[in-house]
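**Student:** just the structure for this:
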Amino acid sequence: MPRPLLRAAAAALALATPALASEAVTKGQVLEAIRAFDANAMGSVATLKSTDDASAAVAKASNTILKYALESDDVVVDLGTDSVPWFDMKKGASGLPNSGQRGLLFAAYLSGSVKEQLQTGKQDPNPLAGWVAMLRVYRAMRVREAVRIPEVEALLARQMDGSLEAYAAVALGRSTENLRKAYGGPGAAAKQDSPEMASQR
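**Tutor:** Numbers count the residues shown, from 1 in each chain. This is a model prediction of the structure:
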């Protein structure tokens, strides 16, 4: 994967705070952003003239998807450490090896989670769809850059042995339990937003 794409993903996450101040993202806009992300994050830039164009497309799409995931009542995305072990939402990825790649994988996870929920028409914080989308990008990254991220390798191994779906249910259960501990029971959790569950109201 071209280095500019990695920088774009990292920049998108860094620029997300100002982007969140703008007007709300519509369902149509986020679906278009997901299409753009999928086309460009995998290096499929046939319609673009340069990797700079692909980088810009990935950055723009990532910002749109992140904003929608955090603000829309249509989706609930689990951002807890059990569901996103390669990317710490509180600390970010800047101090970790392969931080740009981790940021791109985070954007892929969000893209897959949001897309699945919009296609099914129901909120579901289960990380499976996000993991599948993220692992598709990761496999391409492994081939092109020989990148190995231990937390993602563990998920890839589960996908290969057929236990990823069951593990997703376990991860969701752990995240839910951590939310209960941090914010109280179901009634209390519904009243407070948390960084671990994006868009939960």
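
**Student:** low-confidence stretches in the chain?
**Tutor:** 1-21, 43-51, 185-201 (pLDDT under 70).

**Student:** which residue ranges of it form helices?
**Tutor:** Listed in chain order, the helices of the chain (DSSP state H) span residues 3-14, 16-20, 27-41, 51-71, 99-120, 128-145, 150-161, 164-183, 186-191.

**Student:** got the ones you listed as TSV, with mean neighbour count and distance to D78 columns?
**Tutor:** Heads up, the C-betas are built off the backbone N, CA and C, glycines and all. Formatted as TSV, the helices of the chain follow (neighbours: other CB atoms under 10 Å; distance: least, CB to CB, whole Å):
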stretch	mean neighbour count	distance to D78
helix 3-14	21	17
helix 16-20	12	18
helix 27-41	19	18
helix 51-71	22	10
helix 99-120	24	8
helix 128-145	20	8
helix 150-161	15	14
helix 164-183	16	5
helix 186-191	11	13
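
**Student:** distance to F87 added to those helices, as TSV?
**Tutor:** Shown next, in TSV, are these (distance: least, CB to CB, whole Å):
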stretch	distance to F87
helix 3-14	9
helix 16-20	13
helix 27-41	15
helix 51-71	12
helix 99-120	4
helix 128-145	10
helix 150-161	9
helix 164-183	14
helix 186-191	22
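
**Student:** okay, stretch 103-118 in CSV with CA atoms only?
**Tutor:** Coordinates of each C-alpha in stretch 103-118 appear next as CSV, following Å, rounded to 0.1, in the frame of the first residue of the first chain:
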residue,chain,number,x,y,z
GLY,A,103,-5.0,4.2,11.6
LEU,A,104,-6.0,2.9,8.2
LEU,A,105,-7.2,-0.4,9.7
PHE,A,106,-9.3,1.6,12.2
ALA,A,107,-10.9,3.4,9.3
ALA,A,108,-11.6,0.1,7.6
TYR,A,109,-13.2,-1.3,10.7
LEU,A,110,-15.5,1.7,11.0
SER,A,111,-16.3,1.5,7.3
GLY,A,112,-17.3,-2.2,7.6
SER,A,113,-19.3,-1.7,10.8
VAL,A,114,-21.3,1.3,9.5
LYS,A,115,-21.9,-0.4,6.1
GLU,A,116,-23.3,-3.6,7.6
GLN,A,117,-25.7,-1.7,9.9
LEU,A,118,-27.0,0.5,7.2
